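K.L.:
everything below, folded, please.
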Amino acid sequence: MIKKVHFIAIGGSAMHNLAIALSRKGYLVTGSDDEIFEPSASRLKKQGIYPSQIGWNEKNIHTDLEAVILGMHARNDNPELLKAKELGIPIYSYPEYLYQQSINKKRIVIGGSHGKTTITSMILHVVSKLGLEVDYMVGAQLEGYDCMVKLTDSAPYMILEGDEYLSSPIDRRPKFHLYKPHAAIISGIAWDHINVFPTFENYIDQFKIFCDCIEPDGTLVYNSDDEEVNKIGEQFSRKIKTISYQTPKYIVTETGTEIEFENKSYALQIFGAHNLQNLIGAMKLSQEIGISSDEFLKAMADFKGAGKRLQKVVENSNFVMFKDFAHSPSKLLATTNAVKEQYPERELIACMELHTFSSLKKEFLPNYKNTMVKADHALVYFNPEVVLHKKLDPISVPQVKTAFGENVTVVNETKEVIEFIKRFDSKNKVLLMMSSGTFDGIDYEKLSEELI
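P.N.:
Coordinates of the predicted model:
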């Protein structure tokens, strides 16, 4: 009998991937949403599961459904949600349903304030090269994948990127509390999502709860270079198996990095201490699915990075441009430092957009102090309309400039970002564009063509 599931808010970046994966598994998938943007719309249409009409309709909910999967975009009073409750149909959040799909598998969960997508993509890269069968869920679009969720009945492992944000409008638990890993990693802790976790202590507690959710006889891999993570690792070493890791010794090369591990040298295309820290964490975690360190590091030789994580846009003999997802203080600092270390003889032009709720909150701004000091020319951009849309207190150019410190230029118009960049010739330069948005409409590829 064909299983039938309905998605409320099917257009979400995570939701539409799960919907496609279930459709490919043979489920009859329906969905609804009040707005669906690209690329979700095209992907749902290609799979043949784009809603027949936009909007909510309680007639979508009927007793033939095995489950309703509820996305964060829906509200508590959504008519389809109310109908599902009335009919007693099981309602799952996105992470709850992923757990149901992996209940008979060994679950590998990647947690941390930063590095999650990179570590997950590193493991998937190695798994693919070695020809191993795994199911997975990744929170960002990776190059070479047309869907970021894969679900089968045959794969013995499920690799899950463990986001600490809320599960659904009616389930305020962080997503990574619901996966019950057999093996887990914490890559780093830096206060984020302050609209949900009002204090740093409260935020740290979520990672302790995550560790409490690890299955009996499970394993925690943890970054001992991170002070807060190290405390948690040491605390849980009395309860479960723990494995620590640190940033490896490395040599910067023209093509990336060279590291030495167990008396063997490995050439890599990735660079920066933070990336190499993630590499070792991914390697240690991969041992939990039977991959040796040597196999892992050899397979990583041609890995160029996760999408939008220090992703090279263009390069010639004089100029190189990167785009990166960095938006939190820790990510901004690590990314800026990594690029300067890799290109010490070149001038670094670093541009960053304040775009997330936390980054635009007036009280949070001081956390950015000196995060761009390694840049030769630094710019911070924010859009006052986005601040207004997020219902936050207004912030000013002087406030942002004071918060960042050093010689940072602050602007709030996209054209000013372009003008700042074009003020410099491209000779012997590195341009680093850091944002979880697009600086309100900058086409990076087009910009790179203009600059070279």
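K.L.:
mind checking the SS state of the residue nearest in space to the middle of the chain?
P.N.:
Nearest to the mean C-alpha position of the chain, counting by C-alpha atoms, centre = their mean, stands residue 117 at 4.5 Å. Look at residue 117: counting by DSSP: H, G, I helix; E, B strand; the rest coil, its state is helix.
K.L.:
list the residues that contact it.
P.N.:
Neighbour list for residue 117: 138, 139, 140, 142, 161, 306, 307, 309, 325 [criterion: C-beta atoms under 8 Å, 6 or more residues apart in numbering]. To be clear about C-beta, it is placed using only N, CA and C from the backbone, and glycine gets the same treatment.
K.L.:
now tabulate the residues you listed in JSON lines and tack on distance to residue 6, pLDDT and neighbour count.
P.N.:
Shown next, in JSON lines, are these (distance: C-beta to C-beta, whole Å; pLDDT from 0 to 100; neighbours: other C-beta atoms under 10 Å):
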{"residue": "138", "distance to residue 6": "24", "pLDDT": "95", "neighbour count": "25"}
{"residue": "139", "distance to residue 6": "23", "pLDDT": "85", "neighbour count": "19"}
{"residue": "140", "distance to residue 6": "26", "pLDDT": "82", "neighbour count": "18"}
{"residue": "142", "distance to residue 6": "27", "pLDDT": "84", "neighbour count": "19"}
{"residue": "161", "distance to residue 6": "24", "pLDDT": "97", "neighbour count": "23"}
{"residue": "306", "distance to residue 6": "32", "pLDDT": "81", "neighbour count": "27"}
{"residue": "307", "distance to residue 6": "30", "pLDDT": "71", "neighbour count": "18"}
{"residue": "309", "distance to residue 6": "34", "pLDDT": "81", "neighbour count": "24"}
{"residue": "325", "distance to residue 6": "32", "pLDDT": "87", "neighbour count": "21"}
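K.L.:
would JSON lines of those with secondary structure be doable?
P.N.:
Formatted as JSON lines, the contacts of residue 117 follow (three-state DSSP):
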{"residue": "138", "secondary structure": "coil"}
{"residue": "139", "secondary structure": "coil"}
{"residue": "140", "secondary structure": "coil"}
{"residue": "142", "secondary structure": "coil"}
{"residue": "161", "secondary structure": "strand"}
{"residue": "306", "secondary structure": "coil"}
{"residue": "307", "secondary structure": "coil"}
{"residue": "309", "secondary structure": "coil"}
{"residue": "325", "secondary structure": "coil"}
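K.L.:
just give me the closest of these to residue 222.
P.N.:
residue 161 (16.8 Å; C-beta to C-beta).
K.L.:
what's the spacing between the closest one and residue 46?
P.N.:
Distance of residue 161 to residue 46, given as C-beta to C-beta, to the nearest Å: 23 Å.
K.L.:
do the same with residue 190
P.N.:
Relative to residue 46, and taking C-beta to C-beta, residue 190 is found at 37 Å.
K.L.:
who has more neighbours out of the two?
P.N.:
Using other C-beta atoms under 10 Å as the criterion, residue 190 and residue 46 rank with residue 190 on top: 18 against 12.
K.L.:
surely the more buried one meets residue 327?
P.N.:
No - the criterion here is C-beta atoms under 8 Å, and residue 190 misses it with residue 327 at 11.2 Å.
K.L.:
wait, isn't residue 264 in contact with residue 295?
P.N.:
No - with contact defined as C-beta under 8 Å, residue 264 does not reach residue 295; the gap is 11.9 Å.
K.L.:
who's more crowded, those two?
P.N.:
residue 295 (16 against 11).
K.L.:
so which strand or helix has that one?
P.N.:
Secondary structure from DSSP states H and E places residue 295 in helix 293-299.
K.L.:
give me the contacts around that helix.
P.N.:
Here helix 293-299 makes contact (C-beta under 8 Å, 6+ apart) with 125-126, 129-130, 259, 261-262, 264, 266, 282-283, 286-287.
K.L.:
can you give me the strands for the stretch 151-300 of the chain?
P.N.:
According to DSSP state E, counting those that start in this stretch, the stretch 151-300 of the chain carries its strands in the segments 157-161, 166-168, 171-174, 183-186, 219-223, 241-245, 250-253, 256-261, 264-268.
K.L.:
and the stretch 301-450 of the chain, by the same measure?
P.N.:
For the stretch 301-450 of the chain, the strands defined by DSSP E, counting those that start in this stretch cover 311-315, 319-324, 347-353, 377-381, 408-411, 429-434.
K.L.:
so can I have JSON lines of the ones you listed showing mean pLDDT?
P.N.:
Output for the strands of the stretch 301-450 of the chain, formatted as JSON lines (pLDDT from 0 to 100):
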{"stretch": "strand 311-315", "mean pLDDT": "90"}
{"stretch": "strand 319-324", "mean pLDDT": "94"}
{"stretch": "strand 347-353", "mean pLDDT": "97"}
{"stretch": "strand 377-381", "mean pLDDT": "97"}
{"stretch": "strand 408-411", "mean pLDDT": "97"}
{"stretch": "strand 429-434", "mean pLDDT": "96"}
